[in-house]
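Student: Build the 3D model from these lines:
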Amino acid sequence: MRGSEVIAQFPIDGEFLLNKNNHLRNFMGTDRIHRYLAKKARTVTANTIKDLRVGMTHVNLKAKILEIAESKPVVTRYGNNVTVAKVLIGDETGTIKLCLWNGQMNGVCVGDVIQIENAQASMFRGERLLNLGKKGTINNEVLKPRLKSIELLHSTT
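Tutor: So this is what the prediction gives:
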């Protein structure tokens, strides 16, 4: 590189980068390469919040809802009016905010343990977020016991 201009690019063998005599070997431990590899792989081995990296997709994990912020109306970059709520979720390794859009927030309460499937880890305004997007889901199996107890309560009154 010369300043911010790329002068030349060439592939470097992985063995060379990991060689102890190579001064570039620490590059493989940087956050930048982790984000690149996560984007390239498009699959996730993260089962905990601590393992999440920006750019990961197809994220599946189980977490507890700790806080639910009040939902806000927003206009997307495509001009659509939607409602978004940031939900703080956590497991034994850490916490992250989960964005729930429109109807995704129905049926979730503080204290629920949920299974999140097919989510994406991203960064927005300097904050790490987990997004469900159009393909992501919150597993209803985790929610059914609470919903059944509510139904029983209503049926006895």
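
Student: Quick check: phi and psi at I65.
Tutor: phi -80, psi 120 (degrees, to the nearest 10).

Student: from memory it sits against V110, does it?
Tutor: Yes - judged on CB atoms under 8 Å, I65 makes contact with V110 at a distance of 5.5 Å. (Glycine included, C-beta is placed from N, CA and C.)

Student: These two - which one has more neighbours?
Tutor: When I65 and V110 are compared for neighbours, I65 comes out ahead with 18 against 11, by other CB atoms under 10 Å.

Student: would you list every one of the helices in the protein?
Tutor: Ranges of helices within the chain are 14-18, 31-41, 140-156, based on DSSP state H.

Student: Can you flag the weakest of those by average pLDDT?
Tutor: Ranked by mean pLDDT, those bottom out at helix 140-156, with a mean of 48.

Student: Find the least confident helix or strand in this structure, judged by mean pLDDT.
Tutor: helix 140-156 (a mean of 48; mean pLDDT, DSSP states H and E).

Student: In the chain, where is pLDDT below threshold?
Tutor: 17, 23-30, 38-46, 140-157 (pLDDT under 70).

Student: residue ranges for the strands of it, please.
Tutor: 59-68, 72-75, 81-91, 94-101, 113-124, 127-131, 137-138 (DSSP state E).

Student: for those, which one sits closest to R53?
Tutor: Closest approach to R53 among these is made by strand 113-124 (6.3 Å; CB to CB).

Student: For the closest one, which strands pair with it and how are they oriented?
Tutor: strand 59-68 (antiparallel), strand 127-131 (antiparallel), strand 137-138 (antiparallel) (DSSP bridges).

Student: List the contacts of A69.
Tutor: A69 is in contact with A85, K86, V87, L88, counting by CB atoms under 8 Å, 6 or more residues apart in numbering.
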